[in-house]
Structures are given as structure tokens and as C-alpha cells.
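Asker: below is the sequence, then the predicted model.
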Amino acid sequence: MDTSIRYSKQHKQLFLHAKENLLIDDSFFLKVHGKLNTYTGEANGTAQLKRKFLPELLTAFDMGAKYDSESREFTYDVQAKKTLPITDSGLLSVDIKGGYNFNPWSKSGKPRGIVELSYKIFNFTEDQDLRLKIGYNPFQRKPYFQVRENNWTLNVDLNGDWSVVYDL
């Protein structure tokens, strides 16, 4: 189980976050996320049952169903990712990610997508790796960047929002 502590400018409260991917067979998995607000004690989570496809054209392709306890919403979900290495080592790459959530009760959908330039630096300092990302979300019209060091992640967008994640 992956666990982390999260804080953001938007929420101004500390969250404990946990996630787990449970493999059902070679192509089906159950993905569970949970978060606990350390100030209010409120707990929320999502559960997704997905089927993973490994097409030749894409890096990853998933389809499934998702329930979100915070919004009390059940949706169908499709998402895909394509990684295009720029260097032979794969340390510099462009990632294109996209998806679509569809709510069958309200008959409404929500597209999502990003384009990222990712650069990985192994052994930036002794025992420390670094990953830098700069990206753009066309659906929110937001450029952003991310700096990740072994356990710490800083996310910042140009609207002034930011978040910090520490992986336990």
C-alpha cells in the first residue's frame, strides 16, 4: 500500500492518503484510494474496477467503472497514455495522457488530458534522484510544473495553486 501526507494551498488542511492496486488477474485490477482530513476527521475515497489493455500503439489503455464517495458519483472511465522518448536513454520524454469520465445517470461526461515534458536525473546527489515535469492541461487551460525528489513532490501551476506530497 502506498501512503502519503498531502497539503495544498486550495484545501489548507493536511490529508493522509493511501492507495492500493489489487491485481485480480492479468488484465483486471481494483484500484482503491482513500484520504483522511486530519483537521475535520472526514474520510473519502474512490474504488475503480479496471481492465488494462496493452495495445501496440499506446503505452497504456484502461477502461472501467469508478465510484467516488466524496461526490457520491458512479462513472465509467476510459484513459490512455502515450510516452514518446526524446533521448535513447528515455530520461527525457513527452507524455500525452487523456481520458473521459461518463456518468450514466446524468448522461454527462468530463474529458481530461495533459501533455508533459519529463526529465529524470538519476543520482542528482548521492542517493537522490530527481524528476522534473512541465506540462499543460488544455481542458483547464493551465500550465504547471512538478519537481519530485525520492519522497517529496512539489506541484505548482501558473494560477498560483500548489501542493506538497510526502510519500511515507
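Answerer: Noted; the coordinates are in hand. Residues are numbered from 1 along each chain as shown.
Asker: contact partners for the closest residue to Tyr39 other than its chain neighbours?
Answerer: Closest residue to Tyr39 apart from its sequence neighbours, by CB to CB, 6 or more residues apart in numbering: Gln13 at 4.5 Å. The way it works is simple: take the backbone N, C-alpha and C, and place the C-beta from them, glycine included. For Gln13, the contacting residues are 7, 37-40, by CB atoms under 8 Å, 6 or more residues apart in numbering.
Asker: what's the closest of these to Leu158?
Answerer: Nearest to Leu158, judged by CB to CB, of those is Tyr7 at 19.8 Å.
Asker: partner strands of whichever strand or helix holds the closest one, parallel or antiparallel?
Answerer: Per DSSP states H and E, Tyr7 falls inside strand 2-8. Paired neighbours of strand 2-8 in the sheet (DSSP bridges): strand 14-23 (antiparallel), strand 162-167 (antiparallel).
Asker: which positions in the last one come out as buried?
Answerer: This means strand 162-167. For strand 162-167, burial by neighbour count (16 or more other CB atoms under 10 Å) applies to 163-165.
Asker: which residue packs closest to Tyr166, ignoring adjacent ones?
Answerer: Ile5 (4.8 Å).
Asker: off-centre distance for the strand holding Tyr7?
Answerer: Distance of strand 2-8 from the chain centroid (CA atoms, centre = their mean, to the nearest Å) equals 13 Å.
Asker: mean confidence for that strand?
Answerer: For strand 2-8, the mean pLDDT works out to 97.
Asker: which residues touch that strand?
Answerer: Taking CB under 8 Å, 6+ apart as the rule, strand 2-8 contacts 13-20, 35, 161-168.
Asker: among the contacts of Gln13, which ones are buried?
Answerer: Among the contacts of Gln13, those buried by neighbour count (16+ other CB under 10 Å) are Tyr7.
Asker: out of the contacts of Gln13, which is nearest to Arg148?
Answerer: The nearest member of the contacts of Gln13 to Arg148, counting by CB to CB, is Tyr7 at 15.7 Å.
Asker: need the contact list for Asp84.
Answerer: Wrong residue type there; residue 84 is Leu, not Asp. Shown in contact with Leu84 (CB under 8 Å, 6+ apart): 93-96.
Asker: give me that answer again for 6 Å
Answerer: Neighbour list for Leu84: Val94 [criterion: CB atoms under 6 Å, 6 or more residues apart in numbering].
Asker: now Ser163
Answerer: For Ser163, the contacting residues are 8, 155, by CB under 6 Å, 6+ apart.
Asker: dig out what the residue nearest the centre of the chain forms beta bridges with.
Answerer: The structure's the chain has its C-alpha centroid closest to Lys97; by CA atoms, centre = their mean the separation is 10.2 Å. Beta-bridge pairing for Lys97 (DSSP bridges): Lys81, Ile114.
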